[in-house]
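A.B. asks: Fold the following for me, if possible:
(one chain, ligands or ions: 2)
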Amino acid sequence: MSDETRTHDLTTWIGEARWFGGKGREWSLAGVRRVGELPDAPPGLRVSIDLAEVAYRSEQGEESELYQLPLAFYSEPQERLAHALVGEWDDSSFGHTFVYDALHDRESMALWLRAFAAPPSSTDRGQLAFHSLPGHDLDLEAHSTLFSGEQSNSSVAFGEDALMKVFRKVTPGVNPDVAIHQVLTEAGSTHVASLYGWLDLVDEETNTTIQLAMLQQFLRTASDGWDLALASVRNLFAEADLHADEVGGDFAGEAARLGVALAEVHADLAAHFPVEERDADAVGALASAMEGRLEAALEVVPGLAEHEAGLRATYARLRDLDRVEVQQVHGDLHLGQTLRTARGWKIVDFEGEPAKPLAERLKPDSVWRDVAGMIRSFDYAPRVVALTAGDYDAGEADQRTYRAAEWSARNREAFLAAYTAKRGDDVDAAATLLLDAYLADKAVYEAVYEARNRPGWLSIPLAALGETS
Ligand SMILES: Nc1ncnc2c1ncn2[C@@H]1O[C@H](COP(=O)(O)OP(=O)(O)O)[C@@H](O)[C@H]1O
Ligand SMILES: O=P(O)(O)O[C@H]1O[C@H](CO)[C@@H](O[C@H]2O[C@H](CO)[C@@H](O)[C@H](O)[C@H]2O)[C@H](O)[C@H]1O
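C.D. replies: Residues are numbered from 1 along each chain as shown. Ligands and ions are numbered 1, 2, ... in the order given. Prediction:
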């Protein structure tokens, strides 16, 4: 079986993967490069990390992205891994093999975990560099389980001990998720999972490093903030005669605690990363960047056109500001990035918006970007429940729309009040301009995200824009 088989199988597999960010665009597999092999594999198994180069062609020219492919090459077919089969081909180093997604394979994942616990010597590891922080002994007996959620990356739990996040779309440079977790772990923040280690791909020739994976504390008692919010909305919808504050499962107390957690994380980030006061030119550049994102989004989502004038007016109002304070922020905050544990709220995934280049994601930004992200989530939750609730009559639909707005407003207010109280400030006129602009910018981003990933949900950000712009 030739290279053609490999290219065909990998193209099919990548194109269907949830983590593949190129859906909806014209792309091809430009090449696959092996960057490392895990040592100590048992006979009949070889475990590699390959990088796939995906090329896009458009009127603007050519562009490419790198995706990480952890692969398991078995000399015999593995029935237990049938669901994770990538293909069957002749590998130039491993011979004729049955190739599987290694993240589904406990044998392969055990090799990864062992490499974190005892980083292989430089000759064995090639370009791979496993790092671990002191203070935690990994449970090497723990079995791996791949998380099945809707994510941009792939996460593998090792029992209830550790969680490894494998970054899928990779670029040279520092990944903010690793850098921020390291700083917040070392600062003793109670709102993040502790960082245990990370994996780098070091290219000594070009003096570049690509961060491939991150190992952190597994939050055993965690419930996903998004799931909790949906449950709260369902409670409200089930009680036609009651208001949000009278129904069991009211979320406002949790929304307020989330506001406090975010204020504390922002304070820790401000203490350990630079905080800068930017002038009117920088505010103008921020408004221009938002306008630029809108223009790009209009190409992908024609339905945004009816909101264009309102959006441009919101961004133009930003230009009235003569200063903006920026610092390290989360960058892609939403309820799905929050976990309620027995010890309070934790915030995860400091990687920023997956669609942005790494260098841009590390840039300081206004804290109002994160606040806006959470508020957009409070808007999303009831709309998702209404959208997926099934058939109901027109009267019921109106009732739900009204109650959805009530749920959003109640939680938005509780969250904002607690956030500003913890910081010791309030949402003054300048903050309102910033917040409105970030809310609009996020809804535009979401419209593109939904058009590419979940077209059935595109109406959610568009409806929100219809109410505000
Ligand atoms: N430390 C942790 N312990 C337990 N579950 C976690 C932890 N960190 C993240 N998760 C869960 O894993 C999911 C994916 O993590 P996330 O960092 O958001 O990945 P992605 O970058 O793919 O979106 C989250 O929605 C959360 O439910
Ligand atoms: O993959 P990430 O978690 O980094 O974030 C991307 O996917 C999110 C959806 O999984 C998306 O969030 C949007 O949908 C959420 C509901 O599923 C909602 O709570 C958010 O408010 C909304 O933005 C996120 O924007 C995207 O970057």
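
A.B. asks: for residue 322, what are its contacts?
C.D. replies: In this structure, residue 322 makes contact with 279, 280, 283, judged by C-beta atoms under 8 Å, 6 or more residues apart in numbering. Quick note: C-beta positions are derived from backbone N, CA and C, even for glycine.

A.B. asks: That one and residue 427, how far apart?
C.D. replies: 18 Å (C-beta to C-beta, to the nearest Å).

A.B. asks: Can you tell me the element residue 29 falls in?
C.D. replies: With secondary structure defined by DSSP states H and E, residue 29 is part of strand 27-37.

A.B. asks: Run me through the strand neighbours of that strand, direction for each.
C.D. replies: Each strand that pairs with strand 27-37, with its direction, by DSSP bridges: strand 45-58 (antiparallel).

A.B. asks: what phi and what psi does the backbone show at residue 73?
C.D. replies: Residue 73 adopts backbone torsions of phi -110, psi 110, taken as degrees, to the nearest 10.

A.B. asks: what about it, neighbour count?
C.D. replies: Here the neighbour count serves as a burial measure; for residue 73 (other C-beta atoms under 10 Å) it reads 24.

A.B. asks: Leaving out chain neighbours, which residue sits closest to it?
C.D. replies: Nearest residue to residue 73 in three dimensions, chain neighbours excluded: residue 97, at 4.0 Å (C-beta to C-beta, 6 or more residues apart in numbering).

A.B. asks: hmm, back to that, what's the offset of the strand holding residue 29 from the middle of its chain?
C.D. replies: Averaged C-alpha coordinates place strand 27-37 at 23 Å from its chain's average position (C-alpha atoms, centre = their mean, to the nearest Å).

A.B. asks: Need the contact partners of that strand.
C.D. replies: For strand 27-37, the surrounding residues in contact (C-beta under 8 Å, 6+ apart) are 6-7, 10-11, 14-15, 46-57, 64, 69, 93, 125-128, 201.

A.B. asks: And for stretch 234-248?
C.D. replies: 249-252, 382, 385-386, 389, 399-400, 403, 406-407, 410.

A.B. asks: now check stretch 245-265, is it near ligand 2?
C.D. replies: No - contact of stretch 245-265 with ligand 2 (C-beta under 6 Å from any ligand atom) is absent, the minimum separation being 12.6 Å.

A.B. asks: Check the offset of that stretch from the chain's centre.
C.D. replies: Computed by C-alpha atoms, centre = their mean, the chain-centroid distance of stretch 245-265 equals 22 Å.

A.B. asks: Dump the C-alpha coordinates for it into CSV.
C.D. replies: In CSV, the C-alpha atoms belonging to stretch 245-265 read as follows (Å, rounded to 0.1, in the frame of the first residue of the first chain):
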residue,chain,number,x,y,z
ASP,A,245,-35.3,33.4,41.9
GLU,A,246,-38.2,31.1,43.0
VAL,A,247,-37.2,28.0,41.1
GLY,A,248,-34.9,25.2,42.5
GLY,A,249,-31.6,25.3,40.8
ASP,A,250,-31.4,29.0,40.5
PHE,A,251,-27.9,29.8,39.1
ALA,A,252,-27.4,33.4,40.4
GLY,A,253,-25.4,32.4,43.5
GLU,A,254,-23.0,30.4,41.3
ALA,A,255,-22.9,33.2,38.7
ALA,A,256,-21.8,35.6,41.5
ARG,A,257,-19.2,33.1,42.8
LEU,A,258,-17.9,32.9,39.2
GLY,A,259,-17.6,36.7,39.2
VAL,A,260,-15.4,36.5,42.3
ALA,A,261,-13.3,33.7,40.9
LEU,A,262,-12.7,35.6,37.6
ALA,A,263,-11.8,38.8,39.6
GLU,A,264,-9.3,36.8,41.7
VAL,A,265,-7.7,35.2,38.6
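
A.B. asks: Which positions within that stretch qualify as buried?
C.D. replies: For stretch 245-265, a neighbour-count test (16 or more other C-beta atoms under 10 Å) marks 247, 249-252, 254-265 as buried.

A.B. asks: Now do that stretch, average pLDDT.
C.D. replies: The average pLDDT within stretch 245-265 is 92.

A.B. asks: Likewise for stretch 63-70?
C.D. replies: Mean per-residue pLDDT for stretch 63-70: 95.
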